[in-house]
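*Asks:* Build the 3D model from these lines:
(one chain, ligands or ions: 1)
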Amino acid sequence: MTLQSFAKKGVWLFIMLSATAISLLSLRFLLPNPPHVAPEILENYINHKTVFLAHVTGSLTALLIGPWQFVTGLRTKIPKLHRWTGRIYMITVLIGGIGGFIIAWSSEYGPIAVAGLALLSVVWLYVTGKGYLCARSRQFQAHSKWMLRSFALTAAAITLRLGLPIAPALGYEFDTGYIALSWASWIINLGIVEIYLRLNTSDFGGITKSSLTTIST
Ligand code: HEM
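*Replies:* This next block holds a predicted model:
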């Protein structure tokens, strides 16, 4: 195993573990009185409970399923499973994205956060829809690329939560960090995936089976 493929596997393992941890922690919103919730978020949750719960349930399922869709062994050995979990991913992004768009407008963190989160929802739905249409029309290279972008956006939930302690640690208000992350969490992820795709597509014009194998298996 080369150092590069070892590093890729390490990154993927970290993504899988943090996606699972954040999904499981988000399950607390399904409790009657969710614990450890910032007062601003609690306000939004109380005022828009049904949509908020739809958003959390859909999104945490997408985050839980997403990383497994890139495991080459699963995709090639059990393609039926990949297709079914892919359909579930699509539906959960649809629910999470529409719910996210609706609750974004009542975020207590102000207009910059509202704009960042609402735009993230629209881009998430668009990119995932493109990935689905490419699969339907059997353009599998393009499908892989769009789904990697889609998961980068799903994983904004990871970047946002990992980034939250940074602003207070630097002496800024928690709210300032939240507002910055409502944009940075997804723009950074999308940027990293675009660089990854460019580095891996120069020879092949598309994401290759081998490059996905090295990330994920
Ligand atoms: C990628 C697109 C997403 C968008 C646009 C989005 C949007 C939002 C919005 C607007 C809120 C309310 C924030 C506020 O009141 O200020 C929220 C909260 C929340 N979202 Fe998402 N979200 C996304 C992805 C996810 C994912 C993938 C998860 C999976 C775990 C998730 C789980 C949650 C949870 C648990 C909350 C409650 C607040 C918290 O614990 O931080 N979201 N989201």
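
*Asks:* and residue 141, how many neighbours?
*Replies:* 15 (other Cβ atoms under 10 Å). From N, CA and C alone the C-beta is placed, and that goes for glycine too.

*Asks:* ditto for residue 36
*Replies:* When neighbours are counted by other Cβ under 10 Å, residue 36 comes out with 6.

*Asks:* Same question for residue 156.
*Replies:* 27.

*Asks:* Which residues are in contact with it?
*Replies:* By Cβ atoms under 8 Å, 6 or more residues apart in numbering, the contact set of residue 156 is 120, 185-186, 189.

*Asks:* Okay, it and residue 66: tell me how far apart.
*Replies:* Distance, residue 156 to residue 66, using Cβ to Cβ, to the nearest Å: 12 Å.

*Asks:* Same check on residue 176?
*Replies:* 29 Å.

*Asks:* Which one's more surrounded, these two?
*Replies:* residue 66 (24 against 13).

*Asks:* my read: the more buried one touches residue 155, true?
*Replies:* Yes. Counting by Cβ atoms under 8 Å, residue 155 is a contact partner of residue 66 at 7.5 Å.

*Asks:* which parts of the biggest helix by length in the chain are buried?
*Replies:* Longest helix of the chain, by residue count under DSSP state H: helix 174-201. Residues 177-186, 189-190, 193, 196-197, 200 are the ones in helix 174-201 that count as buried (16 or more other Cβ atoms under 10 Å).

*Asks:* follow-up on the earlier one: also near the ligand: which of the contacts of residue 156, exactly?
*Replies:* When contact is defined as Cβ under 6 Å from any ligand atom, the contacts of residue 156 meet the ligand at residue 120.

*Asks:* so what's the residue nearest to residue 193 when sequence neighbours are not counted up against?
*Replies:* Distance criterion Cβ to Cβ, 6 or more residues apart in numbering; nearest residue to residue 193, sequence neighbours excluded, is residue 152 at 4.2 Å. By Cβ under 8 Å, 6+ apart, the residues touching residue 152 are 186, 189-190, 192-193.

*Asks:* Right, I'll leave it there.
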